[in-house]
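*Asks:* Any chance you could fold what I've pasted below:
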Amino acid sequence: METQQENNNQEIDLVFLAKKIKGFFLSIGFLILRLINFIIRNKIIVIILFILGISLGVYFDKKSKNNFKTEVVVVPNFESVDLLYAEVENFKSNLNSNKSKYDFLNDVVDLRIESIENINSILTDKDNLEIFKVLTSNGQDLSKILKNEEFKKNYKYHLITLKTNSSVNSQKIIDFLLNTINSKPYYKQRSAFAIKNQTNAKQQAEKSIEQINKILENLGNGSVSVVGKDLNINSYDQLSNVIEMKDYYMKKLVDINTKLIEYKSTIYPVNTSFNNKIHQKIYEKMVVILPLFLIGFYLFLSYIKYLYAKYNNLYQKTKITNA
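*Replies:* As a prediction, the model looks like this:
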């Protein structure tokens, strides 16, 4: 008896669910039908908006055809990454006022900066590695940490993207932006001190490598002796440690040489790709976006007007009833 009742309940639930699904699709169908009828009734306005959108879209697309994109990969040194992002924002906010002072800034269409995500560049830093350990030990989601905009500033490389309406002044504009930081006396001093320290470190590393090479050379010649015992490469039990030590100093020397290059300026441009033509995809073209936007906005306003009239009538009827 109970089993039969359960089966009946399940059948009722399925029938109810089927009716709900059917009602949902009917509602969608009626909505589409009402939308089509509305467009037909107001076809003149819709056609005007469509033509206007295409005309404006063609105009803006023609202007954007002459746009160029310059991309600069930079390394912010001496804890200057926050200043770099702030200077990019200042550049954009002060662009209109600076155009009267610097003619070449009239070419600027847009300027953006973003980090180049490379987790290895963070994990090679001991301080960042310790921060990772603390955050993960506290149960924080590593994927969310990596997506955090402030955290992304810890990446070594950052991409500056400049859009211009001419290919003539791109170099001047990039130099103007970077020099606002690189010319600051504080950072110029930091650069000089850092290069001096790295030069000293390079000399020490080269001396260490030279000493290790002498040890290996002597071992190869069998001219090393300990407590009256002659040693050679095959009998020296610390050979692996010596080779590891040389490998360590070689890697350190590569790192030092890289820093000597990058520390020449506070914001060091690693690579620059000038004046690439911008090719828009079909869905990015204004000739597609603007007609859809104008018609969609008109439909939205019409729907708001319909809702206002509907609820205003209900409100008036309620007032009459209460009176």
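*Asks:* spatially speaking, which residue is in the middle of this protein?
*Replies:* In the chain, the C-alpha closest to the average C-alpha coordinate belongs to residue 114, at a distance of 3.9 Å (C-alpha atoms, centre = their mean).
*Asks:* Partner strands of the helix or strand hosting that residue, with direction?
*Replies:* Residue 114 is located in strand 108-115, with elements delineated by DSSP states H and E. Strand 108-115 pairs in its sheet with strand 158-164 (antiparallel), by DSSP bridges.
*Asks:* Would you pull up how far the strand it pairs with lies from the middle of the chain?
*Replies:* Mean-position distance between strand 158-164 and its chain equals 11 Å (C-alpha atoms, centre = their mean, to the nearest Å).
*Asks:* helices or strands up against the helix or strand following it?
*Replies:* Sequence-wise, the next helix or strand downstream of strand 158-164 (DSSP H and E) is helix 170-182. In terms of contacts (3 or more C-beta pairs under 8 Å, 6 or more residues apart in numbering; DSSP states H and E), helix 170-182 is packed against strand 68-76, helix 81-93, strand 158-164, strand 267-277. Every residue, glycine included, has its C-beta placed from N, CA and C.
*Asks:* between these, which one is nearest to residue 315?
*Replies:* helix 81-93 (45.7 Å; C-beta to C-beta).
*Asks:* give the contact list for residue 291.
*Replies:* Counting by C-beta atoms under 8 Å, 6 or more residues apart in numbering, residue 291 touches 49, 50, 52, 53, 54, 57.
*Asks:* mind putting those residues in a markdown table, neighbour count included?
*Replies:* What follows is the contacts of residue 291, written out as a markdown table (neighbours: other C-beta atoms under 10 Å):
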| residue | neighbour count |
| --- | --- |
| 49 | 21 |
| 50 | 16 |
| 52 | 14 |
| 53 | 20 |
| 54 | 16 |
| 57 | 20 |
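*Asks:* Now, the residues you listed that are in helices?
*Replies:* 49, 50, 52, 53, 54, 57 (DSSP state H).
*Asks:* Which single one of these is nearest to residue 302?
*Replies:* Set against residue 302, the nearest of those by C-beta to C-beta is residue 49 (11.6 Å).
*Asks:* so the residue nearest to the centre of the chain sits right up against residue 157, yeah?
*Replies:* No: counting by C-beta atoms under 8 Å, residue 157 is not a contact partner of residue 114; they are 10.3 Å apart.
*Asks:* Spatially, what comes nearest to the residue nearest to the centre of the chain if we skip its sequence neighbours?
*Replies:* Sequence neighbours aside, residue 159 is the residue nearest to residue 114 in space, at 5.5 Å (criterion: C-beta to C-beta, 6 or more residues apart in numbering).
*Asks:* which residues does that neighbour form a beta bridge with?
*Replies:* Assigned bridge partners for residue 159, using DSSP bridges, are residue 73, residue 114.
*Asks:* can you pull the contacts of it?
*Replies:* Residue 159 is in contact with 71, 72, 73, 74, 113, 114, 115, 116, counting by C-beta under 8 Å, 6+ apart.
*Asks:* Correct me if wrong: residue 38 contacts residue 302.
*Replies:* Yes: between residue 38 and residue 302 there is a contact under C-beta under 8 Å: 7.0 Å.
*Asks:* Find the residue ranges of the stretch 101-250 of the chain scoring beneath the pLDDT cut-off.
*Replies:* 120-143, 145-147, 219-239 (pLDDT under 70).
*Asks:* That one: strands as residue ranges?
*Replies:* 108-115, 158-164, 224-226, 229-231 (DSSP state E, counting those that start in this stretch).
*Asks:* now for those, which one comes closest to residue 191?
*Replies:* The nearest among the strands of the stretch 101-250 of the chain, by C-beta to C-beta, is strand 158-164 at 18.0 Å.
*Asks:* List the buried residues for the closest one?
*Replies:* Residues of strand 158-164 classed as buried: 158, 160, 162, 163, 164 (neighbour count, 16 or more other C-beta atoms under 10 Å).
*Asks:* gap between the residue nearest to residue 114 and residue 271?
*Replies:* For residue 159, the distance to residue 271 (C-beta to C-beta, to the nearest Å) stands at 10 Å.
*Asks:* same deal with residue 96?
*Replies:* When residue 96 is compared with residue 271 (using C-beta to C-beta), they lie 30 Å apart.
*Asks:* mind putting the helices and strands packed on helix 170-182 in CSV, distance to residue 32 included?
*Replies:* Below are these laid out as CSV (distance: least, C-beta to C-beta, whole Å):
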stretch, distance to residue 32
strand 68-76, 41
helix 81-93, 43
strand 158-164, 39
strand 267-277, 41
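*Asks:* Just give me the lowest mean pLDDT stretch among these.
*Replies:* The weakest mean pLDDT among the helices and strands packed on helix 170-182 belongs to strand 267-277, with a mean of 86.
*Asks:* That strand packs against which elements?
*Replies:* For strand 267-277, the elements it packs on are strand 68-76, helix 170-182, helix 239-262, judged by 3+ C-beta pairs under 8 Å, 6+ apart.
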